[in-house]
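Enquirer: With the input below, show me the fold.
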Amino acid sequence: MTLRTSGLVAACLWIAAGVLLSLPAGCSRPPQPSVKKIPAGKEFAGFLSDYSKLKPNPRLEGNALTYAQTDAQKSLRRYVAMMVDPVEVYLATDADEAKVEESTRSAVSRYFEAALVKSVSDAYPVVSEKGPLVLRLRAAIVGVDAGSQTAAKAVNVTKVGVEMELVDSETGEQIAAMVDREPLGSGAEVGSAEFTREEKFREAREAFDGWADRVRQFLDAQHELSKEDADRADKSYRPYGQ
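Expert: You can find the predicted model right below:
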């Protein structure tokens with residue numbers, strides 16, 4: 001390589017370095033996941049595929065709204081297994097997203113997902129692949145807000161609710177759904193990417209466990225016979241040998 005050629009190469013390298021340094025720092029970073037919020041003035045987060053069939057459920061305490069398919073060919077009783085999707089997190093409408101770190105939201109999501117798996121797994125084996133007679137559980141924690149000034153980067157779950165639906169894993173058709181606004185985490189906060197043993201974090205864990213239990217209560221209620229079905233079964237019962 002001649003002296004002139006090596007000089008040209010060096011000049012090109014300096015120009016390239018200058019161009020890279022002039023680019024905004026964010027250009028070289030992967031895009032960050034968008035922060036989801038409850039739309040202003042809306043009753044629901046917009047997470048469910050359909051809200052139109054939700055009704056108050058007298059079998060659940062509080063103000064839960066639920067829906068379950070009545071078609072015998074599409075009822076929860078037909079399904080034999082369940083997938084559980086990663087839980088999504090929606091901030092409160094007026095929450096300051098800059099004060100709610102993504103790592104903390106992820107910790108909340110992972111904990112509630114694990115609580116849901118634990119709650120439903122003895123009723124429906126939890127699987128990782130879609131297939132015939134496999135449900136897909138989609139859930140979202142809605143209304144997360146920034147925590148108190150005393151816990152840096154904390155998130156507050158005091159007014160959090162849950163939106164959940166079960167869809168056919170192959171067709172995506174909604175089989176059941178629930179919106180639960182029951183306040184279970186009075187004063188509960190999550191202050192880091194890990195749930196610690198501090199009192200407020202313990203209350204948060206108990207709240208998520210409580211919501212998972214209410215999801216299970218809803219599922220169990222759908223497997224119980226209605227009074228009409230129970231009466232029909234009693235009338236049709238014939239002891240063996242008669």
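
Enquirer: if you go through the protein in chain order, where are the helices?
Expert: Secondary structure of the chain, counting by DSSP state H: helices at 3-22, 102-120, 199-223, 227-236.

Enquirer: which parts of the longest one are buried?
Expert: Right, the one you point to is helix 199-223. 200-201, 203-205, 207-212, 214-219, 222 (16 or more other C-beta atoms under 10 Å). No exception for glycine: its C-beta is placed from N, CA and C like everyone else's.

Enquirer: Point out the other helices and strands that it packs with.
Expert: In terms of contacts (3 or more C-beta pairs under 8 Å, 6 or more residues apart in numbering; DSSP states H and E), helix 199-223 is packed against helix 102-120, strand 161-168, strand 174-180, strand 189-190.

Enquirer: Tell me where the longest strand sits in the chain.
Expert: strand 134-146 (DSSP state E).

Enquirer: one step back: just say which of the helices and strands packed on helix 199-223 is most tucked in.
Expert: strand 189-190 (a mean of 26; mean count of other C-beta atoms under 10 Å).

Enquirer: right, and residue 216 touches residue 120 too?
Expert: Yes. Here residue 216 reaches residue 120: they are 6.0 Å apart, a contact under C-beta atoms under 8 Å.

Enquirer: any idea how far residue 105 is from residue 114?
Expert: Separation of residue 114 from residue 105 (C-beta to C-beta, to the nearest Å): 15 Å.

Enquirer: swap in residue 189?
Expert: 13 Å.

Enquirer: shared neighbours, these two?
Expert: residue 155 (C-beta atoms under 8 Å, 6 or more residues apart in numbering).

Enquirer: Could you report the neighbour count for the nearest residue to residue 63 once chain neighbours are set aside?
Expert: Nearest residue to residue 63 in three dimensions, chain neighbours excluded: residue 181, at 5.6 Å (C-beta to C-beta, 6 or more residues apart in numbering). Residue 181: 16 surrounding residues under other C-beta atoms under 10 Å.

Enquirer: give the contact list for residue 59.
Expert: Taking C-beta under 8 Å, 6+ apart, we find residue 59 in contact with 217-218, 221.

Enquirer: ok, residue 104 touching residue 156?
Expert: No. When contacts are counted by C-beta under 8 Å, residue 104 is not listed as touching residue 156 (10.9 Å).

Enquirer: show me where pLDDT drops low in the chain?
Expert: 1-34, 148-153, 183-188, 191-200, 224-242 (pLDDT under 70).
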